[in-house]
Every structure is written in structure tokens, then in C-alpha cells.
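**Student:** missing the sequence, but the structure's below:
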């Protein structure tokens, strides 16, 4: 491994014979590592990225106002609890009132029964959540259904419901939350 007068590491020569114990591989690994760090340092210096972008710690959610749809059970309920444990103020919405009430009690947050297939229901729920929390910082459109459906001979109403919940429900949720 060579070093230029400027202090920059140079790539090892491919012609140089090295011993069989892996010195050549180690030299290449060192060169690649130095090149990688030099690239990051150059990007930081030029203002293309911030130095904090390469930190391994996740950003804090403490104090964030979060609405999660489909939060009665599964991923939505687990996410609500995890965000609450990390200091977020969480509101939940979904179709199963008993389960939503349990989740809301465990996170000390509000809940609403909401069918994401109905635009008016979503708009009123999002508006109520924004008013209750004092705005929204994060919205998780988690409501969804998964149904196995054969393409030939399957019931079209199952596919239509899947599209209504998974596609239109997400659209309605994000559209309603945008202004908040």
C-alpha cells in the first residue's frame, strides 16, 4: 500500500508479488476502506450530506403525534405500543372497537372506529385525531387485508374489497392527513 505526498492512500500494484498468507487481500481491503471514508468526508465537506446521516442511532420519536390505522391487532397494535414506549403520542383507528380500546388503554391514547374504505369516515377520523393530538407528525396507513384469490373462478368481490382497503384506504388516509 503506497501513500502519495498528499497523504492519500494509493492502490497496491497488481504486479507486486505478495506472500500467500493474504497480504494482498488485506492491502486491498485497507485501500477500499480508506477510499470509502475519503468519499464520505468529501461529501460532508461539500455539504452534500450531513455528518449525522451516518450515525447508527435511529431518530427520536419522542413527542411526535402519530395516527395508525389498522391498529386493533398485529403490526399496527405492536407499532402503537412501540412508538408509545419511545415517547410518541399515538392515536389508533380501525374496525374492531373492543381490540382498539385495549390498545388505546395500553398506550394511553385515543381511538376511533374507522372503515378506511369510506372516505368520509377516514376524513372525520383523521380530523378528530389531528384535533385531539394538536396536529399530526406521522401517519401510518397500516389497515389492510390479505385474501388468497384464484384469478380464474375467484370471487371478484374479494378482490374488490382488497383493492378498496389496501389501495383506496391508503389513498384516503394519506389524502386526509396531508393538510395536518
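**Tutor:** Received the coordinates, thanks. This one's a predicted model, so the numbers in the text were calculated from it and none came from an experiment.
**Student:** quick check: beta-bridge partners of the closest residue in space to residue 173 that isn't next to it in sequence?
**Tutor:** Leaving out its chain neighbours, the residue that sits closest to residue 173 by Cβ to Cβ, 6 or more residues apart in numbering is residue 141, at 4.2 Å. All C-beta spots, glycine's among them, are computed from the backbone N, C-alpha and C. Note on residue 141: beta-bridge partners residue 69, judged by DSSP bridges.
**Student:** how about the contacts made by the closest residue to residue 119 other than its chain neighbours?
**Tutor:** Nearest residue to residue 119, sequence neighbours excluded (Cβ to Cβ, 6+ apart): residue 172, at 4.9 Å. For residue 172, the contacting residues are 116, 119, 122-123, by Cβ atoms under 8 Å, 6 or more residues apart in numbering.
**Student:** so what's residue 172 scoring on pLDDT?
**Tutor:** Among the per-residue scores, residue 172 shows a pLDDT of 98.
**Student:** among the contacts of residue 172, which ones are in helices?
**Tutor:** 119, 122-123 (DSSP state H).
**Student:** and for stretch 147-159, what's in contact with it?
**Tutor:** 161-162.
**Student:** before we move on, back to that, neighbour count and distance to residue 155 added to the contacts of residue 172, as a markdown table?
**Tutor:** Below are the contacts of residue 172 laid out as a markdown table (neighbours: other Cβ atoms under 10 Å; distance: Cβ to Cβ, whole Å):
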| residue | neighbour count | distance to residue 155 |
| --- | --- | --- |
| 116 | 27 | 21 |
| 119 | 16 | 24 |
| 122 | 28 | 25 |
| 123 | 16 | 30 |
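**Student:** what helix or strand is the nearest residue to residue 108 once chain neighbours are set aside on?
**Tutor:** Of all residues not flanking residue 108 in the chain, residue 84 sits nearest, at 7.3 Å (Cβ to Cβ, 6+ apart). Here residue 84, judged by DSSP states H and E, is contained in helix 74-85.
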